[in-house]
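Visitor: sequence first, predicted coordinates after that:
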Amino acid sequence: MSNTVLRIHPAIGMSRVGNSDEYILSPETAAGVTDVNGQTGGLAINPTTNALINDTDLRDANGALKRQAQRYRIYQYLSPESAQSYPYQGEVAEIVIGSPLNNSVVKDIVWQVHLANKKANWCIIPEQGPTTKQGKPTGETSGLNAYGNGGMPYPRNPDFGSQKPSEGPDNTSSNTWPSTIPAQECLNVLSDNKRLTELVVDAGPRTIKGTDSARINFDASTTPSFYQPASGTCAGSIVALPNYPVSFPNMHFNKLNIPSGTDVTQLGALETDSQGRLIVIGGQGAACGLFKDDKTPYPLGNDIDNDGWFDDTADGPVQAIILLENGDEIVLENTAWAVSTDPSYAPQIRNVITVWDEVYDTWIRKLGLDTNIYNGPENASAPTNFVTSYKPSFDDDILPLFSAAHLSQFIGALNQTAIGAHARLNNVSADDNPSDYLQVQTFIRSPYASDDELDIGAPRMPLALGDTGASFLTLTRTQFFFINQWFNKNYSANAEKPLTAGEQIDKNVLANCLGGRFSPGIDLTFIVRDVNLYNTNWTQADIGPFRINYTPLNYNQASKTNPFLNIGYVPLNSNHHNVEPGDLCKFMSLPWHTDYNSCATHLPSPNPGSNYDTLTEDDMLTNINITTFWSWPAQRPVSIYNYDDFKNNGYNLARINQRYSVRGEGTQAIAGPDGSISPVQSVGRYQERVNIVRKWPEIGTVVQSKNINGYESDKPKDIFLEVASQLDNSGNKVATWPQQLTDQVQVISDKD
């Protein structure tokens, strides 16, 4: 163990796409957590002033949506002997240019980042396991389980390249076509050289010094480079890679379908700030498609899997080398990870289950992160190994759940009774009697199948759709344990072991992302539950927890004529557990836009009471659940309160109707052929998927009222309103929950 323990934070960072060249810094506070000044966390940061943004910072002077850029920092852990446990108990110091370190001073920091996108050369996201030829699920599980038992999901773009699956939609000899196939058969397809060359978007690595002032793009016109550490008498240096096989769609295909007018030509950019911290900027939010042999474009025919399409989300490793004035250099042993994903249109609204909750639950139950909470082998079927003497922190472990429930009233169409109930949760304190607010056993849906609550909707909470293959959302097992501890009055007001600065950033970044409904989700997906994704040597002081299991890459072997990246990480596969650039985003929707568009409200799937093989039209109205539920309302707002409406109605929320976040021309629901069943599931989204590719930058953002420029000081500061929308207000009228499949939809004008 080194006496100098240095770590990059956040361990996993989130940049977000935007159609502006300008950016704001990704939030470093957690959504749904309110400070003593009434400021709710999750808001982005102005890169010039380092202050929280307001609504005027969301767009540039031309009205384009600014990107979000993740800022990465280096912290020194000053008590190395304590850095082998979590949370770390000791002092930390941020290391920037000019910091004292190892009897010298930091002269510069070299950062190396490699971004790629492997979506087009990966697998479909099976929603219900194998299906019949009529598209009906056969009932088998999917998600992470689709990679178990020697199988893998069916590959995207199955007809591309020399290797093709033996069975598929067009050549199967059985009554079903598979969403999974034998793993080796799938790997043979994905490792085809033509696929790796043309379907993987790979910008290659880039290096930037903390003292550099110019932006460095991940595009085809910028030469890749990497840092060659010092060896023997040779000093370390940045090495250019003119022969790296950079790959973008327009380099392989003569004609592309570009609905928005912006091609996939970059995956983001790098900058550094005045103290040498790294800034990873998201991409442009672009998507483009190919043309078929018959000269027609590949359609956007699916919500999550579209063959012949690319987008510019990306991910990859973040590495750092510290250069000292005495000539020494320190290569950091740990690697952070950069993810570039969808915009965040309600950044301060917390998801009931966040990516942090999912990652933390995995590390607690499977990787021994804190044996004071969970001690013993992982047991997914019962809570037997949770330590019942452990006292969770009310502020850190319990209150965020109540805050998330309270804030949901601003992005989901609740009726007045539900609004009152959710608003009441905002007043819960550590001193209150739990039974005065909530009977956990009555209302919180158990995550354990043995409790027979997984297909019970109301009144169980959360009232949201579940993971792929599950009807309704549940808390993680660790969250469920914490809230039961609270109900049993076995908790503390504050954390007994508070997180240090870098650890807090790790948590806050992931707490601003969507967990739970990984179908596939927005930021990351079900892979965060797989221990193979992570570097399990986390107790080494130089590593620490939550690090991706990075594959060291030898850039000296790069050749212009051969693809550099390969298959990379495969879930639940010990032979493919090392992670390459592009290996996290490849599990997400292709392109991201269509999934965002679709996930407003739906019937549960599987739908309680239904049998897909025997369902008839008459059954639709009598024997099954016909209530629709939300997908991701905190990350993909369904219905909102608009600031202009609020202001024009005397700053009285009760006087105004909610509007759909996605609204305007092209979003009006289309009635069925006979008009007998109104298509309520089609409300609040574009009816033609291609329109979301064109219109996504025009969607507004929901922010706390106190963060709206010019908001009057005597008006309520704790409400959340949509600002900066460029969509017109026509579309369908918002109806309050419960919404049913048979409800009538009403068209409104832009003045209603």
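Guide: Looks like it came in fine. Residues are numbered from 1 along each chain as shown.
Visitor: would you list every one of the strands in the stretch 301-450 of the chain?
Guide: For the stretch 301-450 of the chain, applying DSSP state E, counting those that start in this stretch gives strands covering 309-311, 314-324, 329-331, 336-341.
Visitor: and the longest one, which strands flank it?
Guide: When sheet partners are counted by DSSP bridges, strand 314-324 sits next to strand 104-117 (antiparallel), strand 329-331 (antiparallel), strand 336-341 (antiparallel).
Visitor: now do the second one: distance to the chain's middle.
Guide: Going back to what we said before, that points to strand 329-331. In terms of Cα atoms, centre = their mean, to the nearest Å, the centre of strand 329-331 is set 32 Å apart from its chain centre.
Visitor: wait, what's in contact with residue 499?
Guide: Applying Cβ atoms under 8 Å, 6 or more residues apart in numbering to residue 499 gives the contacts 87, 507. (Each C-beta comes from the backbone N, C-alpha and C, glycine too.)
Visitor: rewinding a little: dump the strands of the stretch 301-450 of the chain to a markdown table, plus distance to residue 461.
Guide: Formatted as a markdown table, these follow (distance: least, Cβ to Cβ, whole Å):
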| stretch | distance to residue 461 |
| --- | --- |
| strand 309-311 | 34 |
| strand 314-324 | 32 |
| strand 329-331 | 48 |
| strand 336-341 | 27 |
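Visitor: for stretch 498-511, what does the pLDDT average out to?
Guide: The average pLDDT within stretch 498-511 is 97.
Visitor: whoops, I mixed them up, stretch 373-390
Guide: Stretch 373-390 carries an average pLDDT of 92.
Visitor: helices and strands of this structure: which one has the lowest mean pLDDT?
Guide: Least confident helix or strand of the chain, by mean pLDDT, DSSP states H and E, is strand 131-132 with a mean of 43.
Visitor: next SSE downstream of that one?
Guide: Per DSSP states H and E, the first helix or strand lying C-terminal to strand 131-132 is strand 151-153.
Visitor: so where do the helices sit in the stretch 551-700 of the chain?
Guide: Listed in chain order, the helices of the stretch 551-700 of the chain (DSSP state H, counting those that start in this stretch) span 592-598, 643-648, 690-695.
Visitor: need the winner for burial among these.
Guide: Of these, the one with the most neighbours on average (mean count of other Cβ atoms under 10 Å) is helix 592-598, at a mean of 25.
Visitor: quick revisit: so which of the helices of the stretch 551-700 of the chain gets nearest residue 329?
Guide: Smallest distance to residue 329 across the helices of the stretch 551-700 of the chain (Cβ to Cβ): 38.3 Å, for helix 592-598.
Visitor: now for that closest one, which elements pack on it?
Guide: Counting contacts by 3 or more Cβ pairs under 8 Å, 6 or more residues apart in numbering; DSSP states H and E, helix 592-598 packs against helix 690-695.
Visitor: contacts for the helix or strand following the helix it packs on, please.
Guide: Proceeding N to C from helix 690-695, the next assigned helix or strand is strand 701-704, under DSSP H and E. Residues outside strand 701-704 that contact it (Cβ under 8 Å, 6+ apart): 39-40, 43, 54-55, 58, 344-349, 410-411, 637, 640, 661, 717-725.
Visitor: and with 7 Å instead?
Guide: The contact list for strand 701-704 (Cβ atoms under 7 Å, 6 or more residues apart in numbering) reads 40, 43, 55, 58, 345-346, 348-349, 410-411, 637, 640, 720-724.
Visitor: chain center to the following helix or strand past it, what's the gap?
Guide: Following strand 701-704 in sequence order, the next helix or strand is strand 720-723 (DSSP H and E). Computed by Cα atoms, centre = their mean, the separation of strand 720-723 from the middle of its chain amounts to 22 Å.
Visitor: let's have the helices of the stretch 551-700 of the chain in a markdown table, adding distance to residue 584 and mean pLDDT.
Guide: Conversion of the helices of the stretch 551-700 of the chain to a markdown table gives the following (distance: least, Cβ to Cβ, whole Å; pLDDT from 0 to 100):
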| stretch | distance to residue 584 | mean pLDDT |
| --- | --- | --- |
| helix 592-598 | 13 | 96 |
| helix 643-648 | 35 | 96 |
| helix 690-695 | 22 | 98 |
